[in-house]
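# predicted model follows, preceded by the sequence.
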Amino acid sequence: MDIAELIENNSLPILEVGPGTGALTQFLLQRFPDGVSVCEIDVRSIAYLKSHYPSIVHIYEEDFLKMDLEKYFPDGVIIAGNFPYNISSQIVFKILENHDLIPQMVGMFQKEVAQRICATNGSKQYGILSVLTKLYFTSNYEFEVDKSAFDPPPKVQSAVISLSRSTQTYNVDVAHLKKLVKAAFGLRRKKLRNSVRGFFDANTLENEVFDLRPEQLSLDDFIALSELTNK
């Protein structure tokens, strides 16, 4: 199975981020011959794509992290890619910010980042990215990619994950929740009482939940705490 096969077959356009010279693009076009656009900033890669893949709907010659997705895809878009590892976390946050436009994402990440995105509470990989992703998406750790699949082989392991927009919605002040979660994991080895004391009064901090460490709390737990804070 590859990334293209994991994408749901629907009428929405597909935007591949960072296609390079088309290692993934060719398979996307095979499955969705009339629905693939790409976002690329490397001049040589852009020239190669134009020459070798004329059926690409549109090549956006701009930075995905600065891209106005609502302007180009007002009815929604599926995101795919072998994402540049140095900005992969930023790409996920961009997807979270545009969750209302993106029903699905399928992509390859450095293994450790993929694990953090998909981690559940109680695991050592669980953190800020795990919690905030669950606010909007259901994540699946699909498969790992051996180093030998690349030429030249990279120094890091890779894994493919998918995000599907969750059917559950939360009535929560998202900006405030993000601040709370980031503060909690700022001292992830400490009990919550140490890392989030600035959000709560002294009486509230006596609650036994503050004896826990942040990785022990689920998204629902963080939302419940957010509703108790001194905003």
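Everything's here; your move.
# for the chain, which helix extends over the most residues?
Identified as the longest helix of the chain according to DSSP state H is helix 174-186.
# just the mean pLDDT for the host helix or strand of residue 133, thanks.
Take DSSP states H and E as the rule and residue 133 turns out to sit in helix 128-134. Averaged across helix 128-134, pLDDT comes to 97.
# what does it rub up against?
The contact list for helix 128-134 (C-beta atoms under 8 Å, 6 or more residues apart in numbering) reads 89, 92-93, 96, 113, 116-121, 139, 163, 166, 178, 181-182, 185, 219, 222. (C-beta placed from N, C-alpha, C; glycine too.)
# can you tell me the SS state at residue 37?
strand (DSSP: H, G, I helix; E, B strand; the rest coil).
# same question, residue 109
Assignment for residue 109 (three-state DSSP): strand.
# wait, what's in contact with the residue lying closest to it once chain neighbours are set aside?
Spatial nearest neighbour of residue 109, chain neighbours left out: residue 88 (5.0 Å); criterion: C-beta to C-beta, 6 or more residues apart in numbering. Residues in contact with residue 88 (C-beta under 8 Å, 6+ apart) are 107, 109, 110, 113.
# pretty sure residue 20 is in a strand, no?
No - applying three-state DSSP, one finds residue 20 to be coil, outside a strand.
# tell me how many other residues surround it.
Residue 20 is flanked by 18 other residues according to other C-beta atoms under 10 Å.
# now do the contacts for it.
Counting by C-beta under 8 Å, 6+ apart, residue 20 has contacts 40, 42, 45, 82.
# could you export those residues as a markdown table, including pLDDT?
Converted to a markdown table, the contacts of residue 20 look like this (pLDDT from 0 to 100):
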| residue | pLDDT |
| --- | --- |
| 40 | 97 |
| 42 | 96 |
| 45 | 97 |
| 82 | 94 |
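# so where do the strands sit in this protein?
14-17, 36-39, 59-60, 78-82, 104-110, 137-145, 158-165 (DSSP state E).
# nearest to residue 203, of those?
Taking C-beta to C-beta, strand 137-145 is the member of the strands of the chain nearest to residue 203, at 35.6 Å.
# and that closest one, which strands flank it?
Applying DSSP bridges to the sheet, strand 137-145 is found paired with strand 158-165 (antiparallel).
# now the strand it pairs with: buried residues?
Residues 158, 159, 160, 161, 162, 163, 165 are the ones in strand 158-165 that count as buried (16 or more other C-beta atoms under 10 Å).
# which of those residues scores worst on pLDDT?
Lowest confidence among the buried residues of strand 158-165: residue 158, with 93.
# just the pLDDT for the residue lying closest to that residue once chain neighbours are set aside.
Distances taken as C-beta to C-beta, 6+ apart place residue 145 nearest to residue 158, at 4.2 Å, with adjacent residues excluded. Note for residue 145: predicted pLDDT of 88.
# okay, now residue 145: neighbour count?
By the measure other C-beta under 10 Å, the count of residues near residue 145 is 20.
# quick one: it from residue 191, how far?
Relative to residue 191, residue 145 is positioned 38 Å away (C-beta to C-beta, to the nearest Å).
# quick one: residues contacting residue 79.
Contacts of residue 79 (C-beta under 8 Å, 6+ apart): 14, 15, 17, 95, 102, 104, 105, 106, 107.
# can you pull the pLDDT of the nearest residue to it once chain neighbours are set aside?
Counting by C-beta to C-beta, 6+ apart, residue 79 lies nearest to residue 105, which is 4.4 Å off, once chain neighbours are set aside. pLDDT for residue 105: 98.
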